[in-house]
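J.: Next comes the sequence, and after it the predicted model I'd like to discuss.
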Amino acid sequence: MLKYIFKRVLIFIPTLIVITLVGFIISVNAPGNPVERMISTTESTGEIGSQTSNQKEQKKFWTEKLGLDLPIFYFSLTSFSRPDSLYKIIDRNEKEALDRLISKFGNWPQIQKYSTDLNHYYFSMIQFSVDSNAVTLYDKDDVTETLNQLKFEILSLRSSYELSAIEAKFSNINLLLSKYPFLKKFKNPFNAIESDFSEIKKKATPWKNYVPKIAFYGSENQYHHWLFGDGGKFSNGLIRGDFGTSYRRKEAISNIISEKIGWSLFFALLSVFLAYIVSIPVGIKAAANRGSGFDKSSSVILFLVYSIPSFWLATLLLMTFANTDVLHWFPESGVKPAIGYPDGAGFFEKIKISLPYIILPAICYTYSSFAFLSRTMRVSMIEIVNQDYIRTARAKGLSEKQVIWKHALRNSLLPVITVFATVFPAAIGGSVILETIFTIPGMGLETVEAIQNNDYPMIIAVLTISGLLTLIGYLVSDILYAIVDPRIRYS
Amino acid sequence: MAKEEINIEMFATNGSKPHADTSFKKYAWKQFKQNKIAYFSLKVLFALIFIALVAPFIATDQPWYCKYKGVKMFPAFSLYNQCRITDKSTGVTETIQYDIADWKHLEAETIIFAPISYASNKTDYDNAGYVSPFAKQVFKNKEGNEIVIPLKFRHWLGTSKRGEDVFSGLINGTRISLSIGILSMSIASILGIFLGAIAGYFGDTKLKTSRGSFWTFVFGLIIAYYYGFSVRSYVISDAFAISGLEILFQLCMSISIFSIVTYFFYWIGKFIGKIPFLDQQVFVPVDSIVSRLIEIIISMPLLILIISISAIAKEKSMVNLMIIIGLTAWTGIARLTRAEFLRISTMEYIQAAKSLGISEFRIIFKHALPNALAPALVAIAFGVASAILIESSLSFLGIGVPPSTVTWGSLLNLGREQFTAWWLLVFPGLAIFITVTVYNLLGEGLRDAFDPKLKK
């Protein structure tokens, strides 16, 4: 048995790696700039990192902390035209603009020259302050506005990649530069940038884009750090339970999840348990009296129940039983009173207080798997009851009760047990909707809030953890199956 | 000559008639027709498809026919969005924009409205704030006085908080739900049937190839991915910002490039496989590869996976959602097709086809597939039901669906804010329930019809 479990666990490891890969791919492709996101959140709260007042330094700090200055994966399939070092560029838009320029012209040396010149030009422009003598000659507001406009145009030039946009910006900048004589010293460097760009167009080698190349980066990459940590510098890695920091709540995701997962697991397990203890007798009764009134009516009802979307049933239940205008039997939301449990309340007292909150969600969590399980139970029971050994059992004079409960039940349980593997993950997935409707403070509600606030690290953590829980569900069902059916273990 | 032809034809029909009667398809259809509930649900499905097809014409604020200042217009059916009308006496030209004109207050000579004279995404300010189907609904007449609404403008199923017509939302939502269900399942079926078929037919030990061809093919797949998707990544991501049609077009382009390059390497591999050392025979474990893939996808919580993927999509669109659902929902179909192919591949007629030298490709898709489709069809019917459920749960949560699109799920979500507005909770939920039930019943009916155990 142990050997069997060990074998099953071994098979799950590649699947788990793929799940982490999927989560990682999603997080890499998430829109927005995580560094700016982090800077804006820390600025508002005054947490770590804010003491580095210089914004550039802060950017560097967060880029390193989030590991964004590293290559994404162990290797990448790129083109011959792309340099190995493009990932080092911190700004996402700039990186994309350069990458798009490469994919159009395919000549990195020229593009690199253009980009570095442009960056130098931008920083010299930022450090430039107008001679006060010069300003007296002109309207002061006008001068500052022109300068701001100039800076903005150059900044946006860094993230432009379309030919027409770049040329339009060139002519704009030229126009602004010729406005005041004291801007004359910027004229020549800018002409150099323009000639850099015309050089890009002239020496274009687009064919290089069509030559594939595989670049290897070794273990210093984002995925490796995300999974195994970077030696405790910034992260301990997924493998040690470190999922990173939530953008929204600015605390460690592992803390949030350990706080929230309780209610989700509670409802998932409760619903599976309830569904099993109700559905098995119903299925057996329907199968034992096949064709009777009970069988027919229960099939129809179960079928209809199975098709009701859980979120519809949930809202209908709330509308009817938690509505001050109709019946106000249950509270509308939450799992405990808003003021919390009374001090010193014992475990059972807490359950008693929470019970009215739990009933409606429990119904919604349970009913669809209940219908599914009863139908499965009925079908498998009917198949078993028609077999020869049951006829033998009847022939030797056993009562109907003994035949069904002693001889048929064990074998007919097999399919019902295997569907544990589908029922349990469904409960976890369903939690997203039901927790939102009933405002249960679990992982599902946290997921929805994370999505509404673009909190990608949180979303990926939830995806990975629910993948893990699903795998555990499969493992449990496999082991149960092996216990009930010894043939599985030995084959 | 003519006589002979007729004779042959008669012979052919005579000869094939008894055969046609006992064919599995005919038998299954007969079985299916006997199942009254399933047959009825098929009829309901046709009705739903009909509603989905004509939805833009029966639930729209643009009238079917309008005669205004002597000019006849058919706004609801017109391809153009505007009409210029010149008043002959004054010479003033007036332009009527079909989509933003206030048709209900237009002083037209004759005007015929659609049965539901509201668009799903436009608001009726006079009846905003949850007006019940049975409550008094108002209408501002030409003089600006509030009168009781004329019967043709009544909101038969009430309105939402902003004054959107619920009935119109339901009718137009049918189109979205059905198209999501059917199109995403088409993607899933193509994937699932193809992968299931090759996995079941070849197994782990039947696809033999030379070492050289195998590695050339693997190399070709990487190169094909490079030219099909890697090089074109910006073209594809730009397409997502343009339109659904553009996305489909660019994806089809990429897939074609991928297929052509793959085929090219397959062809080269035939020659490379003849070189000594590289010509050693190896088995391709098709079944193991596909089974692992299925195992991995079913271990992911589907709803959370779809939510995560749609959360990162830059542009929220229905096409995105269809593709995501299609790419994740094929496993059930693949499993059933695989099981069926495992059974079929050992049958005599497949052996006979092989001995005649028919190509494997032709055997799989021409000879084996028609006999293996029955279980896949059942899975597709159930799959459509769950795709519709996923779409409506996502739009209920407001994730991954463009906010301007009115769907059954989004209507239900509007009702969640106000439980007294029962019409917002009951009708959209009922619509989802009916559609899902119809597909489930269809799946059930198909399963019974195809099940040989029930054969008398």
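T.: Perfect, I can see it now.
J.: got the domain boundaries for the chain?
T.: The chain I'm using is chain A. Using automatic domain parsing, the domains assigned to chain A come out as A:2-228, A:253-484.
J.: Correction: the question concerned chain B.
T.: Each structural domain of chain B that the record assigns through automatic domain parsing is listed here as a residue range: B:2-54+B:169-207+B:285-454, B:63-113, B:123-163, B:208-283.
J.: could you list every residue that touches the residue nearest to B:Gly196 when sequence neighbours are not counted?
T.: Leaving aside its sequence neighbours, B:Gly196 sits nearest to B:Thr337 (Cβ to Cβ, 6 or more residues apart in numbering or on different chains; 3.0 Å). The C-beta positions use only the backbone N, C-alpha and C, and glycine is treated the same way. Applying Cβ atoms under 8 Å, 6 or more residues apart in numbering or on different chains to B:Thr337 gives the contacts B:192-193, B:196-197, B:200, B:372, B:375-376.
J.: Now name the helix or strand holding B:Thr337.
T.: helix B:331-344 (DSSP states H and E).
J.: How about the residues of the stretch 151-300 of chain B by chain A?
T.: By Cβ under 8 Å from any Cβ of the partner chain, the residues of the stretch 151-300 of chain B that approach chain A are B:222-223, B:225-227, B:230-231, B:234, B:292, B:295-296, B:299-300.
J.: For the helix holding B:Thr337, give the mean pLDDT please.
T.: Here the mean pLDDT over helix B:331-344 is 91, rounded to a whole number.
J.: Find out how far it is from the centre of the chain, if you would.
T.: Centroid displacement of helix B:331-344 relative to its chain, using Cα atoms, centre = their mean, to the nearest Å, is 22 Å.
J.: Buried residues, that helix. List them.
T.: With burial defined by 16 or more other Cβ atoms under 10 Å in any protein chain shown, the residues of helix B:331-344 counted as buried are B:331-338, B:340-342, B:344.
J.: can you name the two of the residues you listed that are farthest apart?
T.: For these, the maximum inter-member distance is 20.2 Å, found between B:Thr331 and B:Ile344 (Cβ to Cβ).
J.: What's the first helix or strand after the helix holding B:Thr337?
T.: Downstream of helix B:331-344, the first helix or strand assigned by DSSP H and E is helix B:348-355.
J.: Now stretch B:84-97 - C-alpha only, PDB.
T.: Written as PDB, here are the backbone C-alpha positions of stretch B:84-97 (Å, rounded to 0.1, in the frame of the first residue of the first chain):
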ATOM      1  CA  ARG B  84     -30.100  62.000 -44.900                       C
ATOM      2  CA  ILE B  85     -33.500  63.600 -45.300                       C
ATOM      3  CA  THR B  86     -33.900  66.800 -47.200                       C
ATOM      4  CA  ASP B  87     -37.100  68.800 -46.600                       C
ATOM      5  CA  LYS B  88     -38.400  69.700 -50.000                       C
ATOM      6  CA  SER B  89     -40.100  72.900 -49.000                       C
ATOM      7  CA  THR B  90     -37.400  74.400 -46.800                       C
ATOM      8  CA  GLY B  91     -34.300  72.700 -48.300                       C
ATOM      9  CA  VAL B  92     -33.000  71.800 -44.800                       C
ATOM     10  CA  THR B  93     -31.100  68.500 -44.700                       C
ATOM     11  CA  GLU B  94     -31.600  66.400 -41.600                       C
ATOM     12  CA  THR B  95     -29.400  63.400 -40.800                       C
ATOM     13  CA  ILE B  96     -30.800  60.600 -38.800                       C
ATOM     14  CA  GLN B  97     -28.300  58.400 -37.000                       C
END
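J.: in it, what's buried?
T.: Result for stretch B:84-97 [16+ other Cβ under 10 Å]: buried residues B:Ile96.
J.: Same check on stretch A:394-410?
T.: In terms of neighbour count (16+ other Cβ under 10 Å), stretch A:394-410 has its buried residues at A:403-404, A:407-408.
J.: what about it, start to end distance?
T.: 16 Å (Cα to Cα, to the nearest Å).
J.: Stretch A:61-76 too?
T.: Using Cα to Cα, the distance between the terminal residues of stretch A:61-76 is 26 Å.
J.: quick one, what contacts residue 239?
T.: All of this refers to chain A. Contacts of A:Ile239 by Cβ under 8 Å, 6+ apart are A:227-229.
J.: switch to chain B, that's the one I care about
T.: So, once contact is read as Cβ under 8 Å, 6+ apart, B:Ala239 ends up touching B:246-247, B:249-251.
J.: Most neighbours out of the residues you listed, which is it?
T.: Sorting the contacts of B:Ala239 by how many neighbours each has (other Cβ atoms under 10 Å in any protein chain shown) puts B:Ile247 first, at 22 neighbours.
J.: Mind telling me what element the residue lying closest to A:Met443 once chain neighbours are set aside is part of?
T.: For A:Met443, ignoring the flanking residues on the chain, the nearest one in space by Cβ to Cβ, 6+ apart is A:Ser264 at 4.4 Å. Of the helices and strands defined by DSSP H and E, A:Ser264 is found in helix A:253-288.
J.: that older thread, out of the domains of chain A, which is the most enclosed?
T.: Each of the domains of chain A was scored by mean neighbour count; the highest is domain A:253-484, a mean of 18, by mean count of other Cβ atoms under 10 Å in any protein chain shown.
J.: end to end, how far does that one reach?
T.: Criterion Cα to Cα; first-to-last residue distance in domain A:253-484 is 39 Å.
J.: Pull the distance from it to the chain's centre.
T.: Per Cα atoms, centre = their mean, the displacement of domain A:253-484 from the mean C-alpha position of its chain is 24 Å.
J.: Equivalent analysis for stretch B:346-357, please.
T.: Between the mean C-alpha point of stretch B:346-357 and the mean C-alpha point of its chain there is a distance of 36 Å (Cα atoms, centre = their mean).
J.: what's it in contact with?
T.: Contact with stretch B:346-357 is made by B:344, B:363, B:367-368, as judged by Cβ under 8 Å, 6+ apart.
J.: And the residue of chain B closest to chain A?
T.: Proximity of chain B to chain A (Cβ to the nearest Cβ) peaks at B:Gly429, 3.6 Å away.
J.: so that residue touches A:Leu317, yeah?
T.: No. Between B:Gly429 and A:Leu317 no contact is recorded; they are 11.6 Å apart, counting by Cβ atoms under 8 Å.
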